[in-house]
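Asks: okay, sequence plus prediction incoming.
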Amino acid sequence: MADLKSWLLGIREKSREIGEVAFHQTELKREDWRQISEQDPILAGAVFNSALERVYDEQDECSHTYWTPFSDREVDALNNETIQIDFSPLYEAIHIYDCLNKAQELQDNYEADRRKQMDLLLPSSLSADDDGTALRNLLANITGFSVIERSTTIKTYNFRTPSQIEALWDVLCARVIDLLTETVAKITEPRLLLIIKDSVMLFMQTIQVISPAAKSPIHYLALRFSCQSTRSLRPNPVPLLLRCPQATIQQRL
C-alpha cells in the first residue's frame, strides 16, 4: 500500500498541471473548430462541443474524409513531455487485493482517499485577485482531478463505478458554484468579471470534452455565473434567488 499512497500523493500534486494541459487542448480544439466552421456554411451555426462538432470530430478520427488540424497536435494530459502518470502502482494494488479476496476493502480505501483529496482541492473561500489566477488554478485542479477519475474508470475493470464518479462530480460542482457565487458577488469591475467568465467557460468546455454526460451541473454553473455577474454590475443590485441545478429557477429582478 505504500506505493499506492505515494502514487495517490503524486497525482494529487499534479492535478493542476494536468488540468492546464487539458485547458490548452480545449483552447486548441476550440480555435480549430472556429476556423473550420467559418469555412463551411453547413457548420457555421454549430458551436464548439455541439452534437454536430462531435460527429464531425468522430468522423475525422475514423477516416481522413474530414480535415481537422487539431488531430495532429492532440496531447494526452496524463502522458506527455512534462507529465507521465504511470498507473502500475494502482494495477499492482488491485491485483494483490484481488488475490487476498479483499478487493472491496481496497475500493473503499481508495474512494475515501480520493474524497479527502477532493476536500483538499477546495478552499473555504476564494480571493478575487486582479487577474483571476486563484479561480483559474482552482478550476485547473478540479479538471485534473476529473481527468484522473475518468482515466481510472477506463483503465480498470469494476474498480471505480460511474455512480461514484458522478457523486464526486456533483459534490465538486456544488461547492464550486458556492465559491463562485460568493466571489462574484463581491466584484464590481467588468474587466475582472470577463476574466472569470473566460475561465469558467474554458472549464465547462473542457469538462464536456472529458465527460459529455456531465451536463446538468455544468449548465447550472454557467447560469449561476451569468445571473450573479449581471447582478454584480448593477448599480443597485436586488436579491436573486436560484434553486438546485435540476429544479426551476426563480429570479426577483
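Replies: Cool, the structure landed. Numbering: from 1, shown residues only.
Asks: got any ranges where the stretch 1-150 of the chain has weak pLDDT?
Replies: Segments of the stretch 1-150 of the chain classed as low confidence (criterion: pLDDT under 70) are 1-2, 52, 54-73, 129-130.
Asks: helices of that one, residue ranges please.
Replies: Listed in chain order, the helices found in the stretch 1-150 of the chain under DSSP state H, counting those that start in this stretch are 2-13, 15-39, 51-62, 88-99, 103-121, 133-155.
Asks: most packed of these?
Replies: helix 133-155 (a mean of 20; mean count of other C-beta atoms under 10 Å). Placement of C-beta: from N, CA and C, glycine included.
Asks: hmm, back to that, take the helices of the stretch 1-150 of the chain and lay them out in TSV including distance to residue 201.
Replies: As requested, these are arranged in TSV below (distance: least, C-beta to C-beta, whole Å):
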stretch	distance to residue 201
helix 2-13	26
helix 15-39	10
helix 51-62	15
helix 88-99	33
helix 103-121	20
helix 133-155	10
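Asks: how many neighbouring residues does residue 209 have?
Replies: Here the number of neighbours of residue 209 (other C-beta atoms under 10 Å) works out to 17.
Asks: need the contact list for it.
Replies: When the contact criterion is C-beta atoms under 8 Å, 6 or more residues apart in numbering, the partners of residue 209 are 22, 25-26, 29, 49.
Asks: of those, closest to residue 139?
Replies: For residue 139, the nearest member of these is residue 22. The distance, counting by C-beta to C-beta, is 10.4 Å.
Asks: so which residue of the chain lies furthest out from the middle?
Replies: Of all residues in the chain, residue 100 sits farthest from the chain's C-alpha centroid, using C-alpha atoms, centre = their mean; the distance is 35.4 Å.
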